[in-house]
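Peer 1: Any chance you could fold what I've pasted below:
(one chain, ligands or ions: 1)
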Amino acid sequence: MTGRLDGKVALVTGAGSGIGRAIADRFVAEGARVVYADRNTDAATTAAGAAGALAVPLTMDIASEPSVADGFASLADDGLVPDVVVANAGVQLFGQDAAVADVSLEAWERTLAVNLTGTFLTLKHAVRAMRPRGGGSIVCTGSPTGLNGEGSTFAAYSSTKGGIHALVRSTAMAYAPDGIRVNTVVPGYTETGLVSTIATDPAARAAIVARTPLGRAGTPDDVTGIMVYLASDESSFATGAEFRVDGGMTSL
Ligand SMILES: NC(=O)c1ccc[n+]([C@@H]2O[C@H](COP(=O)([O-])OP(=O)(O)OC[C@H]3O[C@@H](n4cnc5c(N)ncnc54)[C@H](O)[C@@H]3O)[C@@H](O)[C@H]2O)c1
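Peer 2: Model (predicted):
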């Protein structure tokens, strides 16, 4: 690795597993001090412990404002004001989320509470931390389901992702004068614990790979290169944008 993030402090939500862990590990490899934030304390501790001295675990539930506010405050107390925040944590309720007529209010509200409200809370407190220090870079994890018809059987999940794309544009425009850049990365079908229901069903997996022009499933590492670019000063003129790393899925 090349030290592209030397001297930076980054916070990644959902860093206990999957895409978030791969991003956090890559940031460490690029020289950043990285806060592995996750509501799952064991997962955050294990992931940060394996990543070495530049990694710091943090228990944070993005769906709870006190948890998010306390998390940023404790980092400030430790002198860790983030240059980079990746708002990545999310859930997808397989078996409960469905086409709209079949979604319970409870499943809808749980999905919104984590994915959309949680991203809102992460951005709110990230902006408050970054403004006094003159800027920073925020990156959210979007989804093809928020951009096209890919989420036809996930009304709640795709609504949260569409909301995230709008929230990113709104936040990017509001805080550009403060030097805060806000962008979205859109992974395609990426094999993590989140999508194990698809990965373990050969027909469902074949169908989604068939909708991916590059002809394979993504891996968490596929997403890390664009994240390093957006976290670094190399992307200093990029804000309010979507960067698709989806094997071509959204161009079909
Ligand atoms: N896997 C895919 O195919 C795919 C595709 C597009 C977008 N995404 C998005 O990528 C992001 C990461 O997903 P993943 O596939 O790595 O899933 P994952 O389940 O492997 O990891 C998600 C992590 O988020 C944490 N988390 C969940 N709720 C939380 C909360 N309230 N507060 C803090 N942490 C919480 C979990 O503990 C877990 O460690 C999500 O936003 C997801 O919607 C995933």
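
Peer 1: what's the closest non-adjacent residue to Gly16?
Peer 2: Nearest non-adjacent residue to Gly16, counting by CB to CB, 6 or more residues apart in numbering: Ala43, 2.7 Å away. For glycine as for every other residue, the C-beta is placed from the backbone atoms N, C-alpha and C.

Peer 1: do you know how far Val84 is from Val9?
Peer 2: Distance, Val84 to Val9, using CB to CB, to the nearest Å: 7 Å.

Peer 1: what's the overlap in contacts for the two?
Peer 2: Between them, Val84 and Val9 share these contacting residues under CB atoms under 8 Å, 6 or more residues apart in numbering: Ala32.

Peer 1: Which one's more surrounded, those two?
Peer 2: Val84 (26 against 21; other CB atoms under 10 Å).

Peer 1: per-residue pLDDT, the more buried one?
Peer 2: The predicted structure scores Val84 at 98 on the pLDDT scale.

Peer 1: And it, how close does it get to the ligand?
Peer 2: For Val84, the distance to the ligand equals 16 Å [CB to the nearest ligand atom, to the nearest Å].

Peer 1: got a list of what Ala55 touches?
Peer 2: Ala24, Val28, Val34, Tyr36, Ala47, Ala48, Gly49.

Peer 1: contacting residues for the closest residue to it other than its chain neighbours?
Peer 2: Distances taken as CB to CB, 6+ apart put Ala48 closest to Ala55, at 4.0 Å, once the chain neighbours are dropped. Contacts for Ala48 (CB under 8 Å, 6+ apart) come out as Ala15, Ala24, Val34, Tyr36, Ala55, Val56, Pro57.

Peer 1: For the helix or strand harbouring Ala48, give the mean pLDDT please.
Peer 2: Following DSSP states H and E, one finds Ala48 within helix 41-51. What helix 41-51 shows for mean pLDDT is 98.

Peer 1: circling back to that earlier point, mind putting the contacts of Ala48 in JSON lines, pLDDT included?
Peer 2: Formatted as JSON lines, these follow (pLDDT from 0 to 100):
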{"residue": "Ala15", "pLDDT": "99"}
{"residue": "Ala24", "pLDDT": "98"}
{"residue": "Val34", "pLDDT": "98"}
{"residue": "Tyr36", "pLDDT": "98"}
{"residue": "Ala55", "pLDDT": "98"}
{"residue": "Val56", "pLDDT": "97"}
{"residue": "Pro57", "pLDDT": "98"}
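
Peer 1: which stretches of the chain form strands?
Peer 2: With DSSP state E, the ranges of strands along the chain come out as 9-13, 33-38, 55-59, 84-87, 136-141, 180-187, 242-245.
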